[in-house]
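In: Give me a 3D structure for the following:
(2 chains)
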2 protein chains.
Amino acid sequence: MTLTMGRIVDHLTRGISIPHATVDLLKPGHREVEVHGIVTAFCASQYVIEQAVSLGANFIITHEGVFYSHQGMQECLRHDPVFLQKSRLIADSGIGIYRFHDTIHRYQPDGVMIGLLRALDWHTYVVKQLPTAAILTIPAMEVKEVAEYIKAKLHIRYVRVAGELAMPCERVGIMVGYRGGGELAIPLFLNEHVDLIIAGEGPEWETPEYVKDAAYQGRNKALIMLGHAESEAPGMKYLADELSAQFPMLPVHFVEDRPVFQIV
Amino acid sequence: MTLTMGRIVDHLTRGISIPHATVDLLKPGHREVEVHGIVTAFCASQYVIEQAVSLGANFIITHEGVFYSHQGMQECLRHDPVFLQKSRLIADSGIGIYRFHDTIHRYQPDGVMIGLLRALDWHTYVVKQLPTAAILTIPAMEVKEVAEYIKAKLHIRYVRVAGELAMPCERVGIMVGYRGGGELAIPLFLNEHVDLIIAGEGPEWETPEYVKDAAYQGRNKALIMLGHAESEAPGMKYLADELSAQFPMLPVHFVEDRPVFQIV
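Out: Residues are numbered from 1 along each chain as shown, chains lettered A, B, ... in the order given. Below is the predicted model of the structure:
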């Protein structure tokens, strides 16, 4: 049976109820095109697309959008040279791109979360899976030790930390992507009794300000922001491993991109 | 004439057209209460409120919300100990708090922007004021030099940089607060021909991913993210200087808080 883009998409979405207004979409690409190789990535950046071409892959499965927006291409890009060069590369390469965001987050448990937990080697410490967070009891250590452990495991250069570095912690809430905002993150401290939240990204004046106040009041609460890509790329790497096992005849590669930021 | 909270608010809002659904609000506080001293701050944190009490000020003018949300207190905080302790301090102190966000951003030019430009000593380099950005031509330097200059001028420990550190730049777009998102920031590169955008905060998968692609394509585009508070606190310091000059009999203090994050 020929492995087409449509068959891979059907395989990825089987049994998952997706919201009507989903951002998940095969574009560009056609369901009937045969897949010769897959690249998974956090984001289909210019670098990732070029790597896919070099690897002979004609199908990219990306978590975030291709054109710098959650909802799709912004009108303001129409005459933008960066957009035009990237669009030309995509068109010339004939690569299909599947945005795989809402569906993988709706896996039970969340597929992106599973990837991060496995990359951290913490999947056996999970005590509770909530729709937008995993609650863990880890071996007791200080916040700074957790930060160093994460940096080593995920091969990242820095994390941003709110709260006291010497604070001991054991009960941890983990949230991938942009789930570090106050509405989702802050209630975990009270309702789930976590000492530490590890999140991807979120507004700086919400959870970080809460943790600053909490620490100033002498309470044991801390926050580690990994970065959006840093928190979700492991899920796309895990997806590549899974697809590779499920379709052993198909070359499947995870492409790691450079971090968006460096610290100066 | 007695200086009341109402008179200060009227002074700050005079001639400014404020949207109906504004977050600007005197709460807690009453218009007729006499003001003995003012504290301005980026955020009315636990630390800032305690400083205001020590300084004998009974009126705080804050840019961001008191309870970790742009729109006001979240229901989930009702039983939260951090919220309860902070609320008790506010009630016991009898301090009035005025959220001064939408109005100061509608000053022409934006009052928060003016504060940042003056702190950077760059107000004479402005060539264009847009509603959400200032366009500057600065003396030519490399991105890394700009980053070091900003850190020294604003007394901040780090900035996050996307793009090449050695890139020369001269035409700069500056955006305070959460205006670093793709929709507002990305068009400045094409429409205003900026080499470098300096912003407070914004989603990591928007402008930073655009700049990563642009740099990978060999284009001269870079981004410096200052941090939300780091970009807006100078505006609240500038406001304190202005109020102090306008009401010379009134003690007015800007209170600088510690940064929410440290890098590990």
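
In: how much space is there between residue A:7 and residue A:99?
Out: Remark: distance between residue A:7 and residue A:99 (Cβ to Cβ, to the nearest Å) = 17 Å. Placement of C-beta: from N, CA and C, glycine included.

In: Hmm, residue B:89 and residue A:213 touching each other?
Out: No - with contact defined as Cβ atoms under 8 Å, residue A:213 does not count as touching residue B:89 (10.3 Å).

In: Please enumerate the shared neighbours of those two.
Out: residue B:46 (Cβ atoms under 8 Å, 6 or more residues apart in numbering or on different chains).

In: Compare these two and say which one has the larger neighbour count.
Out: A side-by-side neighbour count of residue A:213 and residue B:89, using other Cβ atoms under 10 Å in any protein chain shown, places residue A:213 first with 25 against 15.

In: What lies in contact with stretch A:234-241?
Out: Residues contacting stretch A:234-241 (Cβ under 8 Å, 6+ apart): A:38, A:40-42, A:61-63, A:100, A:104, A:111-116, A:118-119, A:154, A:176, A:252-254, A:256.

In: related to what we said a few turns ago, neighbour-wise, which of residue A:7 and residue A:99 wins?
Out: More neighbours surround residue A:99 than the other of residue A:7 and residue A:99, with 22 against 16 (other Cβ under 10 Å).

In: Now do the phi/psi pair for the more buried one.
Out: Backbone torsions for residue A:99, taken as degrees, to the nearest 10, come to phi -80, psi 120.

In: same thing with residue A:67?
Out: Residue A:67 adopts backbone torsions of phi -120, psi 50, taken as degrees, to the nearest 10.

In: quick one: what helix or strand has the most centrally placed residue in chain A in it?
Out: In chain A, the centroid-proximal residue (Cα atoms, centre = their mean) is residue A:232; its distance is 1.6 Å. Using DSSP states H and E, residue A:232 falls within helix A:228-246.

In: CA atoms of that helix as PDB?
Out: The C-alpha coordinates for helix A:228-246 follow below in PDB (Å, rounded to 0.1, in the frame of the first residue of the first chain):
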ATOM      1  CA  HIS A 228       8.500  27.800  23.500                       C
ATOM      2  CA  ALA A 229      10.500  25.700  21.000                       C
ATOM      3  CA  GLU A 230      12.600  24.200  23.800                       C
ATOM      4  CA  SER A 231       9.500  22.800  25.500                       C
ATOM      5  CA  GLU A 232       7.800  21.500  22.300                       C
ATOM      6  CA  ALA A 233      10.700  20.300  20.100                       C
ATOM      7  CA  PRO A 234      11.100  17.100  22.100                       C
ATOM      8  CA  GLY A 235       7.500  16.200  21.300                       C
ATOM      9  CA  MET A 236       8.200  16.500  17.600                       C
ATOM     10  CA  LYS A 237      11.400  14.400  18.100                       C
ATOM     11  CA  TYR A 238       9.300  11.800  19.900                       C
ATOM     12  CA  LEU A 239       6.800  11.800  17.000                       C
ATOM     13  CA  ALA A 240       9.700  11.100  14.600                       C
ATOM     14  CA  ASP A 241      10.700   8.100  16.700                       C
ATOM     15  CA  GLU A 242       7.100   6.800  16.800                       C
ATOM     16  CA  LEU A 243       6.500   7.300  13.000                       C
ATOM     17  CA  SER A 244       9.800   5.600  12.300                       C
ATOM     18  CA  ALA A 245       8.700   2.500  14.300                       C
ATOM     19  CA  GLN A 246       5.200   2.600  12.800                       C
END
